[in-house]
Each structure stands twice: as structure tokens, then as C-alpha cells.
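> Please work out how this folds:
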Amino acid sequence: MLVIDEDEHHERRRQMLPPFHRDAVARQTEIMAEIAGANVRGWPVGTPFAAAPKMAEITLEVILRTVIGASDPARLAALRSVMPRLLSVGPSELMAVARPELLKWRPWRALQENIEEADRLLAAEIADRRADPELESRPDVLAMLV
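Residues are numbered from 1 along each chain as shown. As a prediction, the model looks like this:
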């Protein structure tokens, strides 16, 4: 969605609207509150700490569990590891994203490996949704899109 333009962007955006409708999001509020509460319970008391990384942890966990719907503990752990590495790329890595032929070279090989790992994990989530006999009752966004 972030790198496509015009008609294709509008069509994909239209497809994404139902899972983000107020009622669909409302079905996820309990798990979002659970995620935030669990994170906050781990915060230090009486000691200053950086809040931004904690907010990023909460955001990532909400995305993984409500948007993607990941629930397998091993896959969740792997996604928690790889996704921040993809989301914190700098200008050099962005250049390689724009020019994928660069990904085979040493400075960008780690980025390529992270992309491949994320693709593998997300493809497994998609395969799980497609095979789920309870797909219609799942509240995650991925299930709605599948």
C-alpha cells in the first residue's frame, strides 16, 4: 500500500476498509487492552525509562495479534524479532528497497535475509488462514482479507 500509486492504490485501499471499520476494530479492543496492560505491568516503578520503545512494543504486538492474527508462540516470537529490524531501516536500506538488485550485495544482504524471513513467516500465516475451517469467525484483519 505504501509504495503503489493512483488507481491501484485506491482499489487496494478500498479493499482494506472493511477490516478497519469501527465495528471490526471494536471486536479487538479486549485483546488490545490485554496487550497494553501486560506491557505496562513490566515497566519499572520509580525509575525513569524511555517510553517510546515501550509504545513501539505495544504497537507491534497489537499489529501481530489483531491485524495478522498470529497466535503460534514460535511464529509470534520470530515475528517480534524480524519485524522491528524491517521497520527500522535507514536511508541506505531504503535505497535497496527501491532498487532490489542491490540486495544481493554485502551491505544489504542482512536486509534481504530479514525480508525473506518476514515473507516466510507471513506466508505461513496466510496459509494458516486459508486452511482454517473457522475463518469466518476469526476477528483478525488477515482473516477478513483472505
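> Show me where this protein has its helices.
Residue ranges of the helices in the chain, as given by DSSP state H, are 6-16, 22-26, 29-41, 51-62, 73-87, 91-98, 106-131, 141-145.
> Give me the average confidence score over the third one.
In this model, helix 29-41 has an average pLDDT of 96.
> Equivalent analysis for the last one, please.
Helix 141-145 shows a mean pLDDT of 88 in the predicted model.
> Could you do the fifth one as well?
For helix 73-87, mean pLDDT is 95.
> Kindly report the same for the first one.
Taken as a whole, helix 6-16 carries a mean pLDDT of 83.
> same thing with the longest one?
Confidence for helix 106-131, expressed as mean pLDDT, is 94.
> okay, the angle between it and helix 91-98?
60 degrees (axes from the mean of the first three to the mean of the last three CA atoms, to 10 degrees).
> Contacts for stretch 77-96, please.
Where contact means CB atoms under 8 Å, 6 or more residues apart in numbering, the residues beyond stretch 77-96 that reach it are 56, 60-61, 64, 68, 70, 97, 102-103, 107-108, 111-112, 114-115, 117-118, 121. Any C-beta I mention is one placed from the backbone N, CA and C, and that applies to glycine too.
> can I get the helices of the chain in a markdown table with mean neighbour count?
Converted to a markdown table, these look like this (neighbours: other CB atoms under 10 Å):
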| stretch | mean neighbour count |
| --- | --- |
| helix 6-16 | 11 |
| helix 22-26 | 11 |
| helix 29-41 | 13 |
| helix 51-62 | 14 |
| helix 73-87 | 15 |
| helix 91-98 | 13 |
| helix 106-131 | 15 |
| helix 141-145 | 18 |
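> Tell me the pLDDT of the residue located most distally from the centre of the chain.
When distances to the mean C-alpha position of the chain are computed (CA atoms, centre = their mean), the maximum falls on Gly46, with 31.9 Å. In this prediction, Gly46 carries a pLDDT score of 95.
> what do you get for Leu2?
At Leu2 the predicted local distance difference test score is 56.
> quick one: contacts for Leu135?
Shown here is Leu135, whose contacts under the criterion CB under 8 Å, 6+ apart are Arg129, Ala143, Val146.
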